[in-house]
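*Asks:* Structure, please.
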Amino acid sequence: MKKTINEVEIWDQFRGGDQQAFNTLYQHFIQPLFSYSMGITNDRDLIKDCLHDLFVELWKNHASLGPTTSVKYYLMASIKRKLIRQL
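*Replies:* Okay, here's the model as predicted:
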């Protein structure tokens, strides 16, 4: 069973440049995001590429990201936009 995290607190730490917080977000959300993405396309390679790009972009832009009340929905909307652009 997956450990529960305070996603908003971890998000704020990540936005401040905390690499461990970034790792926690990645580990916590990568599988749910992959599963969600499979509902958009069955192209596993495209999904993996888009997820990789998403997390790279998040890290590169962490200082300019705003706060959110739901990290899960923020990431789901982000991966959906990225996949649709690629399709």
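
*Asks:* The one residue sitting closest to the centre of the chain: what's it in contact with?
*Replies:* Centroid-nearest residue in the chain, with Cα atoms, centre = their mean: residue 75, separated by 4.3 Å. Contact partners of residue 75, counting by Cβ atoms under 8 Å, 6 or more residues apart in numbering, are 29, 33, 54. (Each C-beta comes from the backbone N, C-alpha and C, glycine too.)

*Asks:* Columns neighbour count and distance to residue 6 on top of those, output as TSV?
*Replies:* Output for the contacts of residue 75, formatted as TSV (neighbours: other Cβ atoms under 10 Å; distance: Cβ to Cβ, whole Å):
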residue	neighbour count	distance to residue 6
29	22	14
33	22	19
54	19	22
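
*Asks:* Among those, which ones are in helices?
*Replies:* 29, 33, 54 (DSSP state H).

*Asks:* Going by distance to residue 70, which of the contacts of residue 75 wins?
*Replies:* Nearest to residue 70 among the contacts of residue 75, counting by Cβ to Cβ, is residue 29 at 11.5 Å.

*Asks:* Tell me how far the closest one lies from residue 74.
*Replies:* For residue 29, the distance to residue 74 equals 10 Å [Cβ to Cβ, to the nearest Å].

*Asks:* likewise residue 87?
*Replies:* On the measure of Cβ to Cβ, residue 87 and residue 74 end up 21 Å apart.

*Asks:* Which one of the two is surrounded by more residues?
*Replies:* When residue 87 and residue 74 are compared on other Cβ atoms under 10 Å, the one with more neighbours turns out to be residue 74, at 18 against 10.
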